[in-house]
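Novice: 3D model of this:
(chains A, B, C, D and E)
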Amino acid sequence: MATDSRRLAVPQSSLDPKSLCPAKVERLLNDEEQRLDGRYSSESRGIYLQCGTVSQAKGSCYCELGNTKVVCSVYGPKDVEHYEDFQMEGKIKCEFKYAPFSCSKHRGHIPDLSEAEISDVILQALTASVRLQCYPKSLIEVFIIVLENDGSAVSASITAASLALADAGIEQYDIVTSASVRVYGNGNFLEDPTSVEEYRPQDFDSESGGDLNHGLVTVALLPTLNQVCAVLSNGHLECDVLVETIQMCTSLAQNLYTAARKCLLSSVKSVDQNNA
Amino acid sequence: MSLFGNNLSDAEKCFIIHGIQDDFRTDGRSCDNYRTIELAVNVLTNTHGSSKVRLGNTELLVGVKVELGKPEKATPDEGRIEFHVDCSPNATPAAQRKAANKDFVNNIESMLVRTYANKIAIDLTSLCIIKGKMCWIVHVDVLILECGGNILDCTSLGVKSALQDTGIPRVVVKSGDEGEEEVELPDDPFDVQHISVNNVPILVTVSFVGTRHIIDATVEEESCCSASVVMGVTRRGRILGVRKQCGGSLNPETLVEMLEFGKKSGRQLHVALDKMLKSYEKGTTGYL
Amino acid sequence: MPLREPTLSNLENNFIVNAVCDNRRYDGRRITDARDTQITLGLDYGCCTVSLGETKVMAQVAVEMERPKESRPSEGSLHIHVEMSTLASGNFDASKPGELGIEIQRILERSIILSRCLDLEELCIRVGERSWAVHLYIHVLCYDGNILDCASIAAITSLKHFRRPDITVEGKTVLVHSIEERNPLPLTMHHMPFCTTMAFFKDSKQLLVDPTRIEEKVMDGKLIISINNHKEVCCMQICGQVHISKPQILHSTDVAYLKSKELSEFVKNVLTDDLKYKQNGEKEQQVSLLCKRNLHVKENLMCNQHKKENLLVEIVNPITTTENFASELKKAPEWLTKHDSKTVSVGEGLINSWGKVGSSFFKSIKKPELPNLESNSEDENDSDEEIITLNQTS
Amino acid sequence: MRTVIKSSTGQLRLNDKSDDFYKLHLKEGIRPDGRMLMEMRPMVLNVGSISTASGSSLVKVGNTTVVCGIKAELTEPNASHPGKGIVVPNVELSPLCSPKFKPGPPCDQAQVVTKFLDNLIQSTNLICLDDLCVENDKLVWILYCDLICIDYDGNIVDASVISLMAALQNVKLPEVKINEECESVEVNLKCTATLKLCSCPVSTTFRVFDRSNIIADPTSMEEELTEGQLTIVTDQQGRIIYMERPGGVTLQEEHVEKCMKRAVIRGAEVQTLYMEVTG
Amino acid sequence: MLLSTLSEMKCKQNVLKSTDGSVEFSQGDTVVLVGAYGPADCKESKQDVKEAIVEVNFRPKIGIPGIAEKYLEQFVKGVCESCIQRSLHPRTTFSIIVQVIQDRGSLLSCAINGTSMALQDAGISMKFMPVAVTVALKHKEEVSMETDCGTEDYDVIFSPSLEEEEKAFANLTLVFDSVKSELVSTYASGPMTSFQYQQCLMSAKNVSKSIVQFFRDSVSKKLAADVL
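Specialist: Below is the predicted model:
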């Protein structure tokens, strides 16, 4: 009975009613090359970016990618806790969390392994762009919460985190933008996948190696420097396909740069207006 | 990884980087060479399969245990494979700090989970006994004894060897009273079947140091590395899961080169490992 | 925030050791005397407060249903939890039991659970499916040495005093009867083990029963014996720097046995008295005292009680009536803004940092119409929100 | 002219000066953000925007933003209440929303607000738990009500109550049946039902400044300058269904009365808001 | 005017040797044991340069303290923060532990009254002594024939027992200061009109005065015992 004494007790397990009537998705693309939501395979969803969402934070960003909703806030640079070693470079701490209601199944409150991994990937991506040598002995904290996960939550989080850092006035070499592509069989690439379109091994029969060239690739990019700062993939891919997908992600991420710039510009404008 | 890197001076780092530029590493290897791999399987008697691997100064122990359990609701005709990684506090000074140890272990676990979360790595349906009711759960426990760099590659070698070594008791399903199925375990402990490891991936970490990429970096080299890519490579050169590590960034072209390089090295490593495991069956310990 | 444990000066230290060597103790007791034992039973089943001199422990027993362990499908379980409350001593941390707490818990487990004094098979409801789990909570309220003896008395008394609800099993369903419906049942106990702590001084030559906190601080070590009324030793432990000879152990066992016998008689009497009180319908908390040598003079004087006749109170009606606030309310549409079917807002005053939140946050985004990269800013109401749509043709 | 204080730079460290700063304002009967003492901040309510949740809402009270998502799942009932569903509220005050909060397990304040919501649900019999039962002793609904604070600028209690209520009103439960023959659970996602709510509480929070100045709907800074808040929860009939003041400056009766009066008016306002979004 | 009864109170002071002040306080069948330490040393990270901090630990009888205890804690803590003269002891801590011995209703008021006496027993300087009263409003089971009771169809019960609390439609706990009889803290649940609330408030205020008298008697009795 090792329950969390700081929260109300919940039963050990519960079932998502939707999982009991699995509407099996047969194909993600129809004959007209259209996806379930009507998009073409090489068509991204609209992105909405807004800085300064969290009034209490040093910097913050809200990102909406289709139905996927992510909020990120940044605090710091502040003193590192005294017991940590002295460092000439600043440190970033990143915490990524799915809200309990954001996925199809209710999620626990304590970060699990996959959330810890994503935190790490985002941290690595941000480390590449932040000028850490400008912040000796300091800590920059990045908190990300996914309110709704309808696919590509990791990409949305990385983009939001970088914009939030910019909003906080943290020096960066470049903004980080990120995009995901689902590889769907030979030669089909679904850009900016929704949660239904994300790779799940149980969708395949194990006979005849049915999941060859199925997988999901996420890439984060420093667009003006043309440097890749995060790569994450799963599924079963051939190397050439992987390379091709990465290139596709890179160009998608490159396109996001305009949106990110616009968002930052408009947030600066609105601050100016308020001051005036 | 920089987390466990020791504090090298700038001059030392410079020496290592320049060496790598000239394809000559501090221990005499060239950029595409692994360190010596020492391998032993079936080292723990109270597991179903086990292995002990030493790669340079990195050493770890892998034990596999199987137990009967219930399949997940979403996948009623599949068994499960679960990974658990432990790091001895003696493995490296940083591992004595609890938080750092946990991050380190999580990192390995999540990469293993990532590369095994597909249909190809292990045929999970072969682990199912009665659909929706009973299956085998394979627990893979990794104990890291010493960290000498390139822990991920070493872990995956250990896991593959231990899985190869694993014998699952051959159970018989009988329909008992009241139409319920009964499962009978064999009396003979050697009446086992082996898990097919033909498509099990090996992790290959390609590190970018200075201006070149290398495989199998030592701790010192890891602390000079600006970015690295870990990938799961199968025997046939397919890629199951990629992740970029370390805080630096990479040119897209370099990244592609590194992936190609990793794939090539992974296939070679598979061949070498299989050879080694085969010779082991004949009763000799193999060296790479 | 734990306070520091007070230290003892050498002078105090020597005084106590010398006294003990002369077969005397600073509180006037003899070497083999325990302090006054007092048991207070409450209204709740399985709850008692035991004090041993100044040391005070409360015990409470509770049951819950659980699934029995696979290795013992036909048995219930008994769990002991020792809570070292900060009440007991300023240097106890309520969140963790500490070394002392763990020691007490381990010895109680060995003496009560492992000696199988509680019939666990009786606690099984359905083999392999349901059983009772008995939880024994020991709250240490005041620490003046020898918590263990006090806790063991409290544990046994509360287990003896406890009544669990009656149940009926029909097929697979288990029906639990409330106390009003059916008389609750006691737990079956085979024997009553009590712990006795003996402190050793002077190179383990001098023995002392029931050490106080100060005596615990200066002693060389201690011998703990848990023994029941059948003269069966249930648990024995030596701690500290002592080397005890065989005759000493035998002698100690005899001492412990005598004490245990006395205590089990005492506990039995207390419980039968309690039953009588309950039958007479008296609600008073029952207090029983063993060895009335030290009179508790001040206790009754310091206890103040409200007299019944003074308890009548008057209910006052407020003079102002505060009904019908709602009539002051204006009609709705004037202050309410409706943004879309899902979003409304109310009020004015502080400016929102999100501007027109209703229309930007959680906005459903329009599908792009043009198949090339474009950015299209919607300038509604001069707000700065922009919707940027991205697209690419393959 | 209204003065607007925007703390976009994050944490403001309070000192004696800011105390005086407030006192000077209150003397003139106005608060630094331009509000009157009993004036509430503007409020925005949005429902049903999170498709992964069974019911959801977003509430902004001034800068304070709370998102409530309710996830309905099926579980075995509690052994002591075999015919009742389970409702579990949980308030998350993560370090994301304010520098006041630290990462890790929920802080005292989050625990207290969680328990407050739990008490409110139980004491008002807000949801008929018998309705949440699918099959006695076998299968019941569990409603995980997770409230996530995205921006903490004071008065989390009011925002939480409003967002919880709006989200509960927005919940849609699919039809669930137990097939007796094969003992399997059948779900009909097309046929959904809304929750029946027995009451519709609205909470209003006050703080007392300097013994005599009562301010409604405090901001984060105002919370730091005062001790103990007074929360009054009213229902649609204008009755008080919950009241809580854990301590602080002593209050006279007329102050309490004044607050109750304001709470009832506020209650009616928000009730209309609920009506608007649920249609 | 209606009349009601307050349940019997009992107060035993200085019961624990280890604490600075301790009280076993019972109201009817509800018993709590309260211990207070302070002003005492404080961790640097928690220190307040201007005033002392108060820590309250509410301990249940069964199980480990959880979220329900945290909720009750905030009331005891809030009351203590407003009654203790904290500015006299900057950078220190007051620690109060409330152990439930027996819960038979009106737990919160019993805990607060107990805390009040424990603080007094510890000799901690206070601005006033908090006095708590629990009130329950219950619908009349049958309509009373007496006409002078007014038109109310409910009973006002002071210090209700657990059963009475369950049956009541509204429960209130009100905490007053002993000097001016102003409201310090309040907890109320259940549908009630503001008239009813005001009624309970005024009545409880009167009752609080007799409880203050009880506190006085207890203290003088203790002092008399000390002299003996």
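Novice: Spatially nearest residue to residue A:100, not counting backbone neighbours?
Specialist: residue D:146 (4.2 Å; CB to CB, 6 or more residues apart in numbering or on different chains). Placement of C-beta: from N, CA and C, glycine included.
Novice: The one you found: neighbouring residues, count only.
Specialist: Residues near residue D:146, counting by other CB atoms under 10 Å in any protein chain shown, number 25.
Novice: contacting residues for it?
Specialist: A:99-101, D:68-71, D:90, D:92 (CB atoms under 8 Å, 6 or more residues apart in numbering or on different chains).
Novice: mind listing what's buried in stretch C:241-256?
Specialist: Buried residues in stretch C:241-256, counted by 16 or more other CB atoms under 10 Å in any protein chain shown: C:242, C:244, C:248-249, C:252-253, C:255-256.
Novice: Now the residues you listed in TSV, please, with extra columns for pLDDT and secondary structure.
Specialist: Formatted as TSV, the buried residues of stretch C:241-256 follow (pLDDT from 0 to 100; DSSP: H, G, I helix; E, B strand; the rest coil):
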residue	pLDDT	secondary structure
C:242	87	coil
C:244	88	coil
C:248	90	helix
C:249	91	helix
C:252	91	helix
C:253	93	helix
C:255	90	helix
C:256	92	helix
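Novice: Let's have those in CSV, adding distance to chain A.
Specialist: Formatted as CSV, these follow (distance: CB to the nearest CB, whole Å):
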residue, distance to chain A
C:242, 38
C:244, 40
C:248, 43
C:249, 39
C:252, 38
C:253, 38
C:255, 39
C:256, 35
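Novice: With respect to residue E:47, which of these is nearest?
Specialist: The shortest approach to residue E:47 among the buried residues of stretch C:241-256 belongs to residue C:242, at 43.1 Å (CB to CB).
Novice: which phi and psi does the nearest residue to that closest one once chain neighbours are set aside have?
Specialist: Using CB to CB, 6+ apart and skipping residues adjacent in sequence, the residue nearest residue C:242 is residue C:221, 3.4 Å away. For residue C:221, the backbone dihedrals (degrees, to the nearest 10) come out as phi -180, psi -180.
Novice: Tell me the pLDDT of residue 156.
Specialist: With no chain named, the answer covers chain A. Per-residue pLDDT puts residue A:156 at 96.
Novice: think we crossed wires, I meant chain E
Specialist: On the pLDDT scale, residue E:156 gets 87.
Novice: what about it, distance to residue E:213?
Specialist: Going from residue E:156 to residue E:213 by CB to CB, to the nearest Å gives 21 Å.
Novice: thinking again about what came up before, can you verify the residue nearest to residue A:100 is assigned to a strand?
Specialist: Yes: if the criterion is DSSP: H, G, I helix; E, B strand; the rest coil, then residue D:146 is within a strand.
Novice: And the helices in the stretch 101-250 of chain A?
Specialist: A:113-129, A:153-167, A:239-275 (DSSP state H, counting those that start in this stretch).
Novice: Select, out of those helices, the one closest to chain B.
Specialist: helix A:113-129 (3.2 Å; CB to the nearest CB).
Novice: On the strand side of things, show who the residue nearest to residue C:242 bridges to.
Specialist: Beta-bridge pairing for residue C:221 (DSSP bridges): residue C:200, residue C:240.
Novice: what lines up beside the helix or strand where residue E:101 lies in the sheet?
Specialist: Element membership for residue E:101 (DSSP states H and E) is strand E:93-102. If you go by DSSP bridges, strand E:93-102 pairs up with strand E:30-40 (antiparallel), strand E:53-59 (parallel).
Novice: For it, what is the distance to the chain centroid?
Specialist: Strand E:93-102 sits 12 Å away from the centroid of its parent chain (CA atoms, centre = their mean, to the nearest Å).
Novice: Walking through the stretch 1-150 of chain A, point out its strands one by one.
Specialist: Here the stretch 1-150 of chain A has its strands, by DSSP state E, counting those that start in this stretch, at A:47-51, A:59-65, A:68-79, A:91-98, A:138-148.
Novice: hang on, I meant chain B
Specialist: B:37-41, B:49-55, B:58-69, B:80-87, B:128-130, B:134-146, B:167-169, B:172-175, B:181-184, B:192-194, B:202-209, B:212-215, B:225-233, B:239-245 (DSSP state E).
Novice: Contacts for stretch E:161-171, please.
Specialist: Under CB under 8 Å, 6+ apart, the answer for stretch E:161-171 is E:7, E:28-29, E:103-106, E:134-139, E:154, E:157, E:160, E:188-192, E:196.
Novice: likewise stretch B:166-182?
Specialist: Contacts of stretch B:166-182 (CB under 8 Å, 6+ apart): B:48-49, B:64, B:66, B:127, B:129-130, B:133-134, B:136, B:138, B:183-186, B:189-195.
Novice: Which single residue of chain E ends up nearest chain A?
Specialist: For chain E, CB to the nearest CB, closest residue to chain A: residue E:66, 4.5 Å.
Novice: so what's the residue lying closest to that residue once chain neighbours are set aside up against?
Specialist: The shortest distance from residue E:66 to any non-neighbouring residue, by CB to CB, 6+ apart, is to residue A:5 (4.5 Å). Residues in contact with residue A:5 (CB under 8 Å, 6+ apart) are E:64-67.
Novice: try 10 Å this time
Specialist: D:105, D:111, E:63-67, E:69-70 (CB atoms under 10 Å, 6 or more residues apart in numbering or on different chains).
Novice: Likewise for residue A:99?
Specialist: Contacts of residue A:99 were listed using CB under 10 Å, 6+ apart, and they are A:69-71, A:107, A:109, A:145-149, D:50, D:52-53, D:56, D:67, D:69, D:71, D:92, D:94, D:146, D:148, D:150.
Novice: Please repeat the previous calculation with a cut-off of 6 Å.
Specialist: Going by CB atoms under 6 Å, 6 or more residues apart in numbering or on different chains, residue A:99 touches A:145, A:147, D:148.
Novice: May I ask you to name the longest helix in chain B?
Specialist: The residue-count maximum for a helix in chain B (DSSP state H) belongs to helix B:252-281.
Novice: Could you pull out the buried residues of that helix?
Specialist: B:252, B:254-259, B:261-270, B:273-274, B:276-277, B:280.
Novice: What pLDDT does the model give residue E:122?
Specialist: 94.
Novice: Measure how buried residue A:31 is and give me the count.
Specialist: Other residues close to residue A:31 by other CB under 10 Å number 6.
Novice: How about the backbone phi and psi for it?
Specialist: phi -70, psi -30.
Novice: For the chain, give me the ranges with low pLDDT.
Specialist: Just going to use chain A. Applying pLDDT under 70 to chain A flags residues A:1-3, A:22-26, A:81-85, A:205-209, A:276.
Novice: The intended chain is chain E.
Specialist: E:1-4, E:141-152, E:228.
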